[in-house]
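**Q** Pasting a predicted model and its sequence here:
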Amino acid sequence: MALINTLRNKMGKFVVVVIAIAILSFVAADILGPNSSLLGGSENEVGEIAGTTIQFQEFQEAIDERERDFAIYTGRQPSQQQAATIREQAWELLINRYAFQQQYDELGITVPADEEWDLVQGRNIDPTVQSIFTNPQTGQFDRDQLINFLQNMETYPQQYQVLWNTVRSSLVPGRTRLKYENLLVNANYVTKAEAERSYHAQNDVAEVKYLYIPYPSVSESEVSVSDAEMKSYYNAHKEDYKTEAVRSMKFVSFPIIPSPEDSLYVREEIQGLVQAFTEVEDDSVFAERQSDSRDFYLTYNAQTLPIYLKPMADSLQQGNVYGPYLTPSGYSLYKVSKLYPDTTLYDIARVVRNVIASDETRNIAAREADLFASNATDIASFDKAAQEKDLIVLPATGLRQNDQRVAGLGDARELVRWLFKDASVGDVSEDLEINEQYVIAVMTEEIPKGTLPLDKVKEEVSRQVANEKKAGIIMEKLGSPTGTLEEIAATYGEGANVYESSDLRLDANILPNVGFDPMAIGIAFSQAGGERSKPFAGESGVLIIETQNITEAPEIADYSAFAQQLRNTKAQRTAENIAEAIKDNSGIVDNRYKFY
């Protein structure tokens with residue numbers, strides 16, 4: 001007995017020690033693990049903006065607030081596409097909070113309380129506020145309506161309060177950003193000379209005749225492009241081949257299509273409603289409860305009647321139920337609720353039942369997808385399995401980490417997330433249900449942010465180098481041409497054409513029958529009437545331009561309208577460039593794809 005007590009005491013102490021060690025290990029793992037807030041767990045980091053780490057919780061709170069407001073204002077939850085827009089708005093809010101606000105703080109730009117009051121109900125009410133409180137009769141801002149709302153806000157429906165709070169919270173950030181942009185926008189200055197040039201660019205007219213020999217007129221067999229030549233061109237034009245991080249994949253799909261049995265089931269189901277629909281007194285309530293469509297009770301005339309009822313328009317009877325009729329989405333019943341005497345108007349209640357795939361049908365498609373996935377473990381086996389099953393393989397190239405849609409699939413955010421979060425080249429996804437089909441994809445390519453490698457742009461580079469060589473061949477054949485353009489074209493032979501334009505303007509970028517070629521238009525206006533250019537290489541071929549006449553627009557007394565055009569253009573570009581410059585220099589790291 002004493003031995004048993006001794007063992008019990010020792011084992012008890014041992015068990016306590018083991019449990020204590022286990023607890024400490026668990027706590028230590030939590031504290032020191034990758035998700036630990038103590039060590040700034042990177043797994044919860046959505047990204048970084050202007051040196052500030054954005055934790056998932058902060059990003060999610062910004063999303064939740066907007067989704068909550070959306071639900072209150074609209075009475076429903078956002079769709080997938082709307083939810084994606086809300087997430088984008090939340091991210092832009094954080095960029096403004098950390099990247100833009102840093103600029104405002106450095107310059108001391110603020111919106112004091114009295115200015116904020118002025119935006120809401122003072123002398124300089126914000127245009128957005130004015131648009132909300134516009135009198136529908138006069139089309140003018142109604143201050144009394146605004147004041148009444150502010151004084152009695154709690155009595156208004158919640159969705160109006162949400163709308164107001166959204167607008168109200170945007171006023172200060174919006175005004176702060178406007179002040180910042182105006183500092184730079186107003187630094188733009190348009191001289192009278194610039195305004196005059198703009199006026200003449202829009203109104204001076206050149207009459208030109210030009211010889212055009214397109215590059216494709218030279219046979220591909222006449223030029224050869226070496227690797228060294230491509231590399232030289234590529235190195236000189238690397239800025240043209242900048243890219244964001246992109247990934248590519250290809251995929252097969254197994255559509256979930258309702259079977260004939262599924263269609264028959266729905267037909268019998270809706271057929272069973274005919275008697276109850278005929279006998280019910282409140283047609284609209286019955287239709288609303290039984291229908292898969294929101295258009296359950298409408299007024300029609302003879303022209304707008306559903307196509308199934310038009311042939312019997314003259315014999316429709318009030319209270320009768322017609323159908324079921326097979327529609328593109330399922331089956332429909334129509335009940336004539338009311339006939340209006342001496343008119344061709346009908347109140348019609350409609351019950352719609354969509355034909356959807358049954359669980360059995362879905363399981364058949366899922367098994368086919370699972371069988372394919374079990375035989376596809378890399379790109380080669382993926383292609384082989386697709387070929388054996390005679391499946392169509394669709395490519396999806398150049399996808400970015402925050403893309404929502406995939407060509408051929410529509411909204412496929414889950415698949416894009418897999419591509420960037422979990423996949424490597426050659427990895428095959430599990431079967432994902434996307435828009436009524438099971439989809440299996442294989443990652444085929446990854447291109448990091450930076451300059452596209454030569455092998456990715458080889459075709460374009462080769463074409464550019466070939467065009468340079470073709471230009472040389474054409475100009476060598478032309479030599480130092482003399483005579484009229486028609487004579488030069490005849491001497492050159494096939495491929496040379498002469499065109500005319502009597503209404504060419506300097507601000508144009510398109511040369512008729514040639515295409516985009518601003519340099520050619522510039523050359524035309526740089527010459528006096530009667531002058532002809534030497535052969536030169538244009539965007540798509542070699543040209544000789546003969547300026548026959550330039551009609552200068554008459555001078556005008558006031559160029560202010562053209563100066564304002566330039567100011568507006570510069571202001572817009574400046575505002576856009578400011579935003580891009582701040583983002584580019586804020587060291588933004590975007591890892592949203594790991595979470596959404």
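**A** Noted; the coordinates are in hand.

**Q** all strands for the stretch 151-300 of the chain, in order.
**A** Assigned by DSSP state E, counting those that start in this stretch, the stretch 151-300 of the chain shows strands spanning 205-214, 242-243, 246-255, 297-300.

**Q** Other residues contacting the shortest one?
**A** It stands for strand 242-243. 447, 449-452 (CB atoms under 8 Å, 6 or more residues apart in numbering). Bear in mind the C-beta positions are built from the backbone N, C-alpha and C, glycine included.

**Q** Let's test this: mean pLDDT of stretch 270-282, rounded?
**A** In this model, stretch 270-282 has an average pLDDT of 95.

**Q** Which residues belonging to that stretch are considered buried?
**A** Within stretch 270-282, the residues scored as buried using 16 or more other CB atoms under 10 Å are 270, 273-274, 277, 280.

**Q** Can you tell me which of the strands of the stretch 151-300 of the chain is nearest to Ala557?
**A** strand 205-214 (21.1 Å; CB to CB).

**Q** Using CSV, write out every CA atom in that closest one.
**A** Taking Å, rounded to 0.1, in the frame of the first residue of the first chain, the C-alpha atoms of strand 205-214 are listed here in CSV:
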residue,chain,number,x,y,z
VAL,A,205,-4.8,72.9,-92.9
ALA,A,206,-2.2,71.2,-95.1
GLU,A,207,-2.8,69.8,-98.6
VAL,A,208,-0.3,66.9,-99.1
LYS,A,209,0.5,64.2,-101.6
TYR,A,210,2.6,61.3,-100.4
LEU,A,211,4.3,58.2,-101.6
TYR,A,212,3.8,55.2,-99.2
ILE,A,213,5.6,51.9,-99.4
PRO,A,214,4.5,49.6,-96.5
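
**Q** Report all helices and strands that it contacts.
**A** helix 485-492, strand 497-504, helix 518-526, strand 541-551 (3 or more CB pairs under 8 Å, 6 or more residues apart in numbering; DSSP states H and E).

**Q** Of all the ones you listed, which one comes closest to Arg573?
**A** Comparing those under CB to CB, the one sitting nearest is helix 518-526, at 17.7 Å.

**Q** residues in contact with Ile256?
**A** Neighbouring residues of Ile256 by CB under 8 Å, 6+ apart: 357, 361-362, 365, 433, 436-438.

**Q** Now, these that are in strands?
**A** With DSSP state E as the criterion, strands contain 433, 437-438 from among the contacts of Ile256.

**Q** can you tell me which of the buried residues of stretch 270-282 lies nearest to Ser374?
**A** Ile270 (39.3 Å).

**Q** what separates the closest one from Asn354, distance-wise?
**A** Going from Ile270 to Asn354 by CB to CB, to the nearest Å gives 10 Å.

**Q** How about Asn182?
**A** From Asn182 to Asn354 the distance is 54 Å (CB to CB).

**Q** Report how many residues lie close to Ser540.
**A** Using other CB atoms under 10 Å, Ser540 has 17 other residues around it.

**Q** Which pLDDT value does the model give it?
**A** For Ser540, pLDDT reads 96.

**Q** Might you report the residue contacts of it?
**A** 214-215, 514-517.

**Q** what does Ser501 give?
**A** Applying CB under 8 Å, 6+ apart, the residues near Ser501 are 206-208, 210, 511-512.

**Q** Looking at the contacts of Ser540, spot the one nearest Asp383.
**A** Tyr215 (36.6 Å).

**Q** and the closest one, what does it touch?
**A** With CB under 8 Å, 6+ apart, Tyr215 has these contacts: 466-467, 470-471, 474, 540-542.

**Q** Turn those into TSV, columns for distance to Thr176.
**A** Listed next are these as TSV, based on distance: CB to CB, whole Å:
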residue	distance to Thr176
Ala466	53
Asn467	49
Lys470	55
Ala471	52
Ile474	57
Ser540	48
Gly541	52
Val542	54
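
**Q** which one among those gets closest to Thr569?
**A** Ser540 (27.6 Å).

**Q** Break the protein down into its domains, please.
**A** 2-32, 205-240+457-551, 245-257+360-448, 269-350 (automatic domain parsing).

**Q** Among those domains, which comes closest to Gln159?
**A** domain 269-350 (19.6 Å).

**Q** mind checking the end-to-end distance for that closest one?
**A** 15 Å (CA to CA, to the nearest Å).

**Q** avg pLDDT for whichever strand or helix holds Arg573?
**A** Assigned by DSSP states H and E, Arg573 falls within helix 560-584. The average pLDDT for helix 560-584 rounds to 90.

**Q** could you say what helices and strands that helix packs with?
**A** Against helix 560-584 (3+ CB pairs under 8 Å, 6+ apart) you get helix 158-185, helix 192-203.

**Q** In the stretch 1-150 of the chain, where is pLDDT below threshold?
**A** Applying pLDDT under 70 to the stretch 1-150 of the chain flags the ranges 1-42.

**Q** returning to what we had before: which stretch among the helices and strands packed on strand 205-214 comes nearest Val172?
**A** Nearest to Val172 among those is helix 518-526; the distance by CB to CB comes to 43.3 Å.

**Q** what angle separates the closest one from strand 497-504?
**A** 70 degrees (axes from the mean of the first three to the mean of the last three CA atoms, to 10 degrees).

**Q** And helix 518-526, what does it pack against?
**A** Secondary elements touching helix 518-526 (3+ CB pairs under 8 Å, 6+ apart): strand 205-214, strand 536-537, strand 541-551.

**Q** Let's see that with 7 Å instead.
**A** Under the contact criterion of 3 or more CB pairs under 7 Å, 6 or more residues apart in numbering; DSSP states H and E, helix 518-526 touches strand 205-214, strand 541-551.

**Q** Please work out which of these is packed deepest.
**A** Ranked by mean neighbour count, those are led by strand 205-214 with a mean of 22 (mean count of other CB atoms under 10 Å).

**Q** Just the residues contacting that one, thanks.
**A** Contact with strand 205-214 is made by 474, 485, 488-489, 492, 495-505, 513-514, 524-525, 540-551, as judged by CB atoms under 7 Å, 6 or more residues apart in numbering.

**Q** what sits against the nearest residue to Ile125 once chain neighbours are set aside?
**A** Among residues not flanking Ile125 along the chain, Leu119 sits closest, at 6.5 Å (CB to CB, 6 or more residues apart in numbering). Neighbouring residues of Leu119 by CB under 7 Å, 6+ apart: 125-126, 171, 175.

**Q** Leu119 belongs to a helix?
**A** Yes. Counting by DSSP: H, G, I helix; E, B strand; the rest coil, Leu119 is part of a helix.

**Q** quick one: which of the helices and strands packed on helix 518-526 is nearest Ala376?
**A** It's strand 205-214; of these, that one is closest to Ala376 (CB to CB) at 45.9 Å.

**Q** Which helix or strand contains Ala423?
**A** Ala423 belongs to no helix or strand, assigned by DSSP H and E.

**Q** Let me have the domains of the chain in JSON lines, extended by distance to Val190.
**A** Below are those laid out as JSON lines (distance: least, CB to CB, whole Å):
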{"stretch": "domain 2-32", "distance to Val190": "62"}
{"stretch": "domain 205-240+457-551", "distance to Val190": "16"}
{"stretch": "domain 245-257+360-448", "distance to Val190": "38"}
{"stretch": "domain 269-350", "distance to Val190": "54"}
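
**Q** worst average pLDDT in these?
**A** domain 2-32 - the lowest mean pLDDT of those, at a mean of 35.

**Q** re the thing from before, of the contacts of Ile256, buried ones?
**A** The buried subset of the contacts of Ile256 - by 16+ other CB under 10 Å - is 357, 361-362, 365, 437-438.

**Q** Of the residues you listed, just say which sits nearest to Thr110.
**A** Using CB to CB, the buried ones among the contacts of Ile256 come closest to Thr110 at Gln437, 53.5 Å.

**Q** Can you tell me which of the contacts of Ser540 is closest to Asp378?
**A** Tyr215 (41.5 Å).

**Q** I'd like the distance between Ala441 and Ile49.
**A** Counting by CB to CB - Ala441 and Ile49 are separated by 31 Å.

**Q** When those two are compared, which one has more neighbours?
**A** Neighbours per residue, other CB under 10 Å: of Ala441 and Ile49, the larger number sits with Ala441, 30 against 23.
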